[in-house]
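1. Here is the input, now give the coordinates:
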Amino acid sequence: MLGSRRIESAGRKRVRPKTETSVISEASQSRDFHEKDDHAIHHEKGLESFMPKPISVKSPPASTLEERNSVADQSLPKTFDELNEAITQTEPLLRSLKPIKSAWYTYDTEHSHDSVMPDVQHIIGFDKHDGKWRIVYCESDGTEPDPYVCPLTDCKIENRVRAARHIPKLHELIVTSKEEFIAEVDDVISALKSFTQKS
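-> Residues are numbered from 1 along each chain as shown. Below is the predicted model:
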């Protein structure tokens, strides 16, 4: 009987009771595992925020374009009137400079791709028109003796807009022409004085 007990005892596996240290270690390993798992989930979500999202392009409904066109049609006449008024208000300023001659400025040239056809110049000027100093528009190819000239407020709207940007240049040219004319007159005066002294 004693021998059988020893054999039975030897066949049994002894289980050591868990200590406090082993319990803490298992809890720590479990926490690390869950933290790594959560980190992977957040990492995947973070990558999703950087992924490009599909873009849907929709054509504007016809009604929207029609409404926009209607608004533009209503605005254009008022806009043209305001442009003409702004141009007209600059003319008294240029007249107050008392120009001694016409001022012309070529602001654009359309180059012809045909060797037969000449280039067309677009010119803004301050000139006498019907006996009054006016801001005018001129279109010339340099060959005609009497190029087309009209008040800027009467020319085609696209030419009016492009030319009106250069009105301040007319101001500069009027002043410069007077300065150059004064220098020219001084030269004449000096030449006459020199001639008188010699005689």
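2. residues of stretch 153-168 that come out buried?
-> Going by neighbour count (16 or more other C-beta atoms under 10 Å), the buried part of stretch 153-168 is 153, 155, 159-160, 163-164, 167. Backbone N, C-alpha and C define where each C-beta goes, glycine included.
3. next SSE after the helix or strand encompassing Glu67?
-> Element membership for Glu67 (DSSP states H and E) is helix 62-95. Downstream of helix 62-95, the first helix or strand assigned by DSSP H and E is strand 103-110.
4. and that next one, what other elements does it pack with?
-> The contact analysis (3 or more C-beta pairs under 8 Å, 6 or more residues apart in numbering; DSSP states H and E) places strand 103-110 against strand 120-129, helix 157-164, helix 167-198.
5. try 7 Å
-> strand 120-129, helix 167-198 (3 or more C-beta pairs under 7 Å, 6 or more residues apart in numbering; DSSP states H and E).
6. Would you mark the buried spots in that strand?
-> Under 16+ other C-beta under 10 Å, the buried positions of strand 103-110 are 103-105.
7. Likewise for stretch 64-76?
-> Here stretch 64-76 shows no buried residue, counting by 16+ other C-beta under 10 Å.
8. now swap in stretch 89-98 and tell me
-> Buried, per 16+ other C-beta under 10 Å, within stretch 89-98: 90-91, 94, 97.
9. list the contacts for the residue nearest to Asp108 when sequence neighbours are not counted?
-> Nearest non-adjacent residue to Asp108, counting by C-beta to C-beta, 6 or more residues apart in numbering: His122, 4.3 Å away. By C-beta atoms under 7 Å, 6 or more residues apart in numbering, the residues touching His122 are 107-108, 139, 159, 163.
10. Where does the prediction get shaky in this protein?
-> 1-62, 115, 199 (pLDDT under 70).
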